[in-house]
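Asker: I would like to see how this sequence folds:
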Amino acid sequence: MKIMIVEDDPTIRGLIGETVGKWGYESVLCDEFNRIQDLFLQTEPHLVLMDINLPIFDGYYWCSRIRELSNVPIIFLSSRDSPMDMVMAMNMGGDDYIQKPFYDEVLIAKIKALLRRTYSYAETPVNIIEHEGVLLNLGDRKLTSGDRSIELTKNEFVIVRLLLQNKGHIVSRDKIMRCLWEDESFVDDNTLTVNLTRIRKKLDEIGRYGFITTIKGEGYIIK
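Answerer: Predicted coordinates:
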């Protein structure tokens with residue numbers, strides 16, 4: 001998720017950027033106050049933090065210009081504390097108003113709430129598991145690395161998914177077989193060995209040699 005920060009004070013702008021960065025958001029710091037709309041179009045943020053007191057045009061103006069293009073959530077940040085400013089901010093298309101100074105926790109809580117309501121990202125199921133550039137698509141069972149991809153059989157998919165979900169940890173052969181049984185596929189010890197050999201061969205085909213490591217007597221691990 002990308003957050004655009006329109007703030008003319010470079011210190012405050014940097015601090016807000018650091019704060020949102022700590023929470024995993026990508027920040028877009030704006031310091032060209034004559035072309036906010038152009039920067040918005042170029043960067044396509046998911047949310048805008050907008051100061052009111054800006055050089056050239058104020059935040060109300062830029063909010064209305066962005067509203068001509070998008071319904072992206074906009075939070076006003078301002079030291080202005082009059083009810084009229086808050087009403088003005090909402091009337092110009094703002095979604096929320098935070099008075100400066102503010103607590104970082106309050107800012108992040110409002111950002112998360114707005115993003116959740118707007119994009120429902122918290123409820124969106126994750127369809128891709130990624131590790132070290134290897135992507136497993138949970139929808140079509142394709143394993144991809146760079147521009148190369150291969151399709152996995154049902155059993156191969158269950159095994160790779162289990163190993164990726166436990167990356168960094170050893171997964172025993174017993175656990176893998178139990179997982180396959182729960183998936184209604186009876187697999188004995190030899191069949192598991194054959195499946196793992198096939199998976200490794202397919203990983204080689206997409207250039208991921210040694211992606212799965214055998215830990216003798218314990219199981220398998222993706223490091």
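Asker: if we look at stretch 101-117, which residues are touching it?
Answerer: Stretch 101-117 is contacted from outside by 1, 3, 16, 19-20, 23, 25, 46-47, 49, 73, 75, 77, 79, 95-96, 98, 121-122, using CB atoms under 8 Å, 6 or more residues apart in numbering. Where you see a C-beta, it was placed from the backbone N, CA and C, and this is true even at glycine.
Asker: just the buried ones among these, please.
Answerer: Buried by 16 or more other CB atoms under 10 Å: 3, 16, 19-20, 25, 46-47, 49, 73, 75, 77, 95-96, 98, out of the contacts of stretch 101-117.
Asker: which stretches in the protein count as helices?
Answerer: Along the chain, counting by DSSP state H, helices occupy 10-22, 36-43, 59-67, 83-91, 104-119, 154-165, 173-182, 189-205.
Asker: can you redo those as CSV with distance to D140?
Answerer: As requested, the helices of the chain are exported to CSV (distance: least, CB to CB, whole Å):
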stretch, distance to D140
helix 10-22, 33
helix 36-43, 31
helix 59-67, 37
helix 83-91, 44
helix 104-119, 24
helix 154-165, 10
helix 173-182, 20
helix 189-205, 15
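Asker: out of those, flag the one nearest G217.
Answerer: The closest of these to G217 is helix 173-182. By CB to CB, the value is 10.0 Å.
Asker: list the buried residues of the closest one.
Answerer: Neighbour-count burial for helix 173-182 flags 176-177, 179-180 (criterion: 16+ other CB under 10 Å).
Asker: between those, which is closest to N127?
Answerer: C179 (19.7 Å).
Asker: pLDDT weak spots in this protein?
Answerer: Within the chain, the segments meeting pLDDT under 70 span 121-126, 182-187.
Asker: please redo it, this time with the cut-off set to 50
Answerer: 122-124 (pLDDT under 50).
Asker: returning to that earlier point: what's the closest of the helices of the chain to R148?
Answerer: Each of the helices of the chain has some distance to R148 by CB to CB; the shortest is helix 189-205, at 7.2 Å.
Asker: which residues touch stretch 149-162?
Answerer: In contact with stretch 149-162 (CB under 8 Å, 6+ apart) are residues 129, 136, 138, 140-143, 171, 175-176, 179-180, 183, 185, 187, 191-192, 195-196, 198-199, 202, 205-206.
Asker: now the buried members of the residues you listed.
Answerer: Those of the contacts of stretch 149-162 that meet the buried threshold are 129, 136, 141, 143, 171, 176, 179-180, 187, 192, 195-196, 199, 202, 206, by 16+ other CB under 10 Å.
Asker: neighbours of the residue nearest to G219 when sequence neighbours are not counted, how many?
Answerer: In space, and not counting its chain neighbours, G219 is closest to S172: 4.0 Å by CB to CB, 6 or more residues apart in numbering. By other CB atoms under 10 Å, the residues close to S172 number 13.
Asker: M86 versus S172, what's the distance?
Answerer: Distance, S172 to M86, using CB to CB, to the nearest Å: 59 Å.
Asker: can you lay out the buried residues of helix 173-182 as CSV showing distance to L162?
Answerer: Formatted as CSV, these follow (distance: CB to CB, whole Å):
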residue, distance to L162
I176, 6
M177, 11
C179, 5
L180, 9
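Asker: just the closest of these to L39, please.
Answerer: Ranked by distance to L39 (CB to CB), these are led by C179 at 48.1 Å.
Asker: residues contacting that closest one?
Answerer: C179 is in contact with 158-159, 162, counting by CB under 8 Å, 6+ apart.
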